[in-house]
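Chemist: quick one: sequence plus predicted model below, questions after.
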There are 2 protein chains.
Amino acid sequence: MKARVIVTLKNGVLDPQGKAIEGALGGLGFGDVDSVRQGKVFDVELAGADMSTAKEKLEQMCEKLLANTVIENYAIEID
Amino acid sequence: MKARVIVTLKNGVLDPQGKAIEGALGGLGFGDVDSVRQGKVFDVELAGADMSTAKEKLEQMCEKLLANTVIENYAIEID
């Protein structure tokens, strides 16, 4: 089973990397970019086919390793 | 207008970071993880409301800065 986990910074958390990209895009002539925030994506392949078990496991993975839940949100999409 | 750009490694490109996460998840007891590949996500806010213009600009941003198209694919989602 394939799943995608998207980890993004919570609102209000500073994102210097996103700011740098925003500046670089401005320098390349993309003046209409209002903001950029960078996050991470994990494409996870899981053995087993039970959707609810997979979702539960992915949530545990996010809580334990993939995301820092103090400053980051995560979203899980299962195909 | 809000858009999300997802940049992932092409198939066949080695992903040591993904491998490390895979190993760490195994060590945490998630034995049913077959593979992990890591990518990047950019949440971009654009001025202007024309969808096709926005898409075109985002493609240019990906080609010029956000993705290394030799080894990476990108996908653009516009809300």
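Modeler: Thanks, I have the structure now.

Chemist: and the lowest-mean-pLDDT helix or strand in chain A, what does it pack onto?
Modeler: When the helices and strands of chain A are scored by mean pLDDT, DSSP states H and E, helix A:51-61 comes last with a mean of 95. Contacts defined by 3 or more CB pairs under 8 Å, 6 or more residues apart in numbering or on different chains; DSSP states H and E place helix A:51-61 against strand A:2-9, strand A:33-46, strand A:72-78. For every residue, glycine as well, the C-beta is placed using N, CA and C.

Chemist: wait, does the last one contact chain B?
Modeler: No - between strand A:72-78 and chain B, judged by CB under 8 Å from any CB of the partner chain, nothing touches; the nearest distance is 10.0 Å.

Chemist: for chain A, what lies in contact range of chain B?
Modeler: A:6, A:8, A:18, A:21, A:24-25, A:28, A:30, A:32-48, A:57, A:60-61, A:64-66.

Chemist: pLDDT at the residue lying closest to A:D79 once chain neighbours are set aside, what is it?
Modeler: For A:D79, ignoring the flanking residues on the chain, the nearest one in space by CB to CB, 6 or more residues apart in numbering or on different chains is A:K2 at 4.7 Å. With respect to pLDDT, A:K2 scores 95.

Chemist: among the helices and strands packed on helix A:51-61, which is nearest B:V13?
Modeler: strand A:33-46 (12.7 Å; CB to CB).
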